[in-house]
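Colleague: I need the structure of the sequence given here:
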Amino acid sequence: MDSIRCTQKALTMAKNTPLDIKHVENRSDMVYGAFLKEISARTAQWRSYLTQTSDPAFLFVLSKAATPKLETLSLYSPWHGRWNRGTSGTITLFEGAPAPLTLKDFRVDYIPVAVGPLHLTGLRTLELTQGPLISAAEVLRIVENSPALEKLILHSLSSLKDEVVPENDRELTVFARADRPTIQLPQLNMLILRNLSVSFNHLIISNIHTPKLQSLALDCMINRPDQSPASSLFTEKVRHLLPTLEKLISKVDDVDVIALSETDWTIRVGTIHIGLLGRCLKRVHMAQTLDWLGDRVRAQPVTLSFDEFETDSGQFAWLADTFRVTKLNLWTASFPPPTPNTPGGSPQPRRRIISLLSKPFGTDTTRWLCPELEKIDTNVIDESGKSAILEMVRGRHSFIEEQVKGEMEGAYSGVNPFKELKLRGGRYGVSQDMYDNLEFLTALGEAGRDADIWWEADLWCGPPNPNAVYS
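Modeller: Numbers count the residues shown, from 1 in each chain. Take a look at the predicted model:
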């Protein structure tokens, strides 16, 4: 009851001033029914209403509320909330009436709010994630009627995951037939279109002019054989974006390429994130995306990351030839333990990427994959993983030394020595304690020469001195 008395006192002191209401579920011992009763009596004073809840009551308060001063509305349900489990139907706000004209910032996450009846206009922020119901035509109508829009974020909306066919929607036909952008958004600085159909994303970016764009996250979903980045997203109709993107790219000195699976890749160039995903994704689609981003991206140092994913040798060789890989991140938490795959009982090969980096690739004895690789950040899956890492470092550094000594014929291949090796344990029988891995780290330190070697969060400084005396 103390929290209710505090709320009553705060509302009394506020008198008729605008109110900013914020509620986060499970943050206090407050009696929610009493709290709702208190704030519901003051809806005419609401300036902002932000709620993180799985309780429909905190949305139903908006069903009949008159909020003539409301500027910000943020409705969020935790991922485990009841709406995400599908136990509640569509939510209609303001009894189906349009939203207040004062509303500038509108965010709904994981709640099935019907957006169309709100007739949103004049927005500064529109952010919808996994739950809200909206059509492609309604998105374009809102954007067209919000010239001061600064942030547009649409993520995983089921109503926009299917392919958008303008011929089936009279409102979309006008936009689809336009030869140049029809919507001017001079203040838009952030555009995020994730996990939506490629046809919808193309419809949006081909119809908006965004000279001040500072951040772009765009997915290219390839689910049909006739789709590709070149033909479905990066067409002539979106060339007007290139000058703005070129300005952003010119400020970037490195690139990240992230792989989650064969059909889920991200190319990150500073504040530009291009997602390539879908059941029909091919290697050529990444090449098309790089062509669209320009030669500067191909020339930048690249951090290549594989998260819970082992690619084949052909794909990895293509990546090594396509990008200037200077850092490699490998993370594996869910690989099963080794199992026999031959009559002799040898374990299944894992982390083939490490073995591919341990020796020349193919028949050319001077061709090493990722010759500019200098840093690796990886967890050690099992004891055999230690041997593989040690073999890789020894193999590359021995090759470099032989080149320097002139003991090998042919031109110098330009393989770089390692500068940093960050390793972690904790998997099958591999202790996270540095002192349980002294033999391995000592051998790695000798093979790594001048490389900084980390085990978990500690820098390896060599084996302990057995003759040292500590006071």
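Colleague: The residue nearest to L277 when sequence neighbours are not counted bridge partners, please.
Modeller: Nearest residue to L277 in three dimensions, chain neighbours excluded: D264, at 4.6 Å (C-beta to C-beta, 6 or more residues apart in numbering). Every residue, glycine included, has its C-beta placed from N, CA and C. For D264, the beta-bridge partners are S261, L277 (DSSP bridges).
Colleague: remind me which residues of the stretch 251-400 of the chain are low pLDDT?
Modeller: Per-residue confidence for the stretch 251-400 of the chain (pLDDT under 70) gives these ranges: 333-350.
Colleague: again with the stretch 1-150 of the chain
Modeller: Residues of the stretch 1-150 of the chain that meet the cut-off, pLDDT under 70, sit at 1-4, 8, 11-12, 14, 26-33, 64, 79-88.
Colleague: Please enumerate the strands of it.
Modeller: Listed in chain order, the strands of the stretch 1-150 of the chain (DSSP state E, counting those that start in this stretch) span 19-24, 46-52, 72-76, 105-109, 125-129.
Colleague: Just send those back as JSON lines, with mean neighbour count and distance to L421 too.
Modeller: As requested, the strands of the stretch 1-150 of the chain are exported to JSON lines (neighbours: other C-beta atoms under 10 Å; distance: least, C-beta to C-beta, whole Å):
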{"stretch": "strand 19-24", "mean neighbour count": "15", "distance to L421": "42"}
{"stretch": "strand 46-52", "mean neighbour count": "19", "distance to L421": "41"}
{"stretch": "strand 72-76", "mean neighbour count": "21", "distance to L421": "41"}
{"stretch": "strand 105-109", "mean neighbour count": "22", "distance to L421": "40"}
{"stretch": "strand 125-129", "mean neighbour count": "20", "distance to L421": "38"}
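Colleague: will you turn those into TSV that also has distance to M434?
Modeller: Output for these, formatted as TSV (distance: least, C-beta to C-beta, whole Å):
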stretch	distance to M434
strand 19-24	40
strand 46-52	41
strand 72-76	42
strand 105-109	42
strand 125-129	42
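Colleague: Let me know which of those is the nearest to G270.
Modeller: The closest of the strands of the stretch 1-150 of the chain to G270 is strand 125-129. By C-beta to C-beta, the value is 21.7 Å.
Colleague: and the closest one, what other elements does it pack with?
Modeller: strand 105-109, strand 151-155 (3 or more C-beta pairs under 8 Å, 6 or more residues apart in numbering; DSSP states H and E).
Colleague: mind checking the end-to-end distance for stretch 443-455?
Modeller: With C-alpha to C-alpha, to the nearest Å applied, stretch 443-455 spans 14 Å between its terminal residues.
Colleague: scratch that, stretch 368-375 is what I was asking about
Modeller: Start-to-end, stretch 368-375 (C-alpha to C-alpha) is 15 Å.
Colleague: buried stuff in it?
Modeller: 368-370, 372-375 (16 or more other C-beta atoms under 10 Å).
Colleague: Closest one to F58 out of these, please.
Modeller: Distances from F58 to the buried residues of stretch 368-375, taken as C-beta to C-beta, are shortest for K375 (47.5 Å).
Colleague: Now render the helices and strands packed on strand 125-129 as TSV, adding distance to A447.
Modeller: TSV is the format used below for the helices and strands packed on strand 125-129 (distance: least, C-beta to C-beta, whole Å):
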stretch	distance to A447
strand 105-109	49
strand 151-155	45
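Colleague: What is the neighbour count of W292?
Modeller: A count of nearby residues for W292, using other C-beta atoms under 10 Å, gives 20.
Colleague: now it, nearest residue through space, not along the chain?
Modeller: Nearest non-adjacent residue to W292, counting by C-beta to C-beta, 6+ apart: F234, 4.1 Å away.
Colleague: quick one on the thing from earlier: sort out which of the buried residues of stretch 368-375 are in strands and list them.
Modeller: Using DSSP state E, the subset of those located in strands is K375.
Colleague: what's the closest of the buried residues of stretch 368-375 to L128?
Modeller: Ranked by distance to L128 (C-beta to C-beta), the buried residues of stretch 368-375 are led by K375 at 38.4 Å.
Colleague: Tell me which residues touch the closest one, please.
Modeller: Counting by C-beta atoms under 8 Å, 6 or more residues apart in numbering, K375 makes contact with 326-328, 418-422.
Colleague: Quick check: beta-bridge partners of it?
Modeller: K375 has these beta-bridge partners by DSSP bridges: K327, E420.
Colleague: now it: how far from V302?
Modeller: 12 Å (C-beta to C-beta, to the nearest Å).
Colleague: okay, and the common contacts of those two?
Modeller: 326-327.
Colleague: surely L260 meets D307?
Modeller: Yes - counting by C-beta atoms under 8 Å, D307 is a contact partner of L260 at 5.4 Å.
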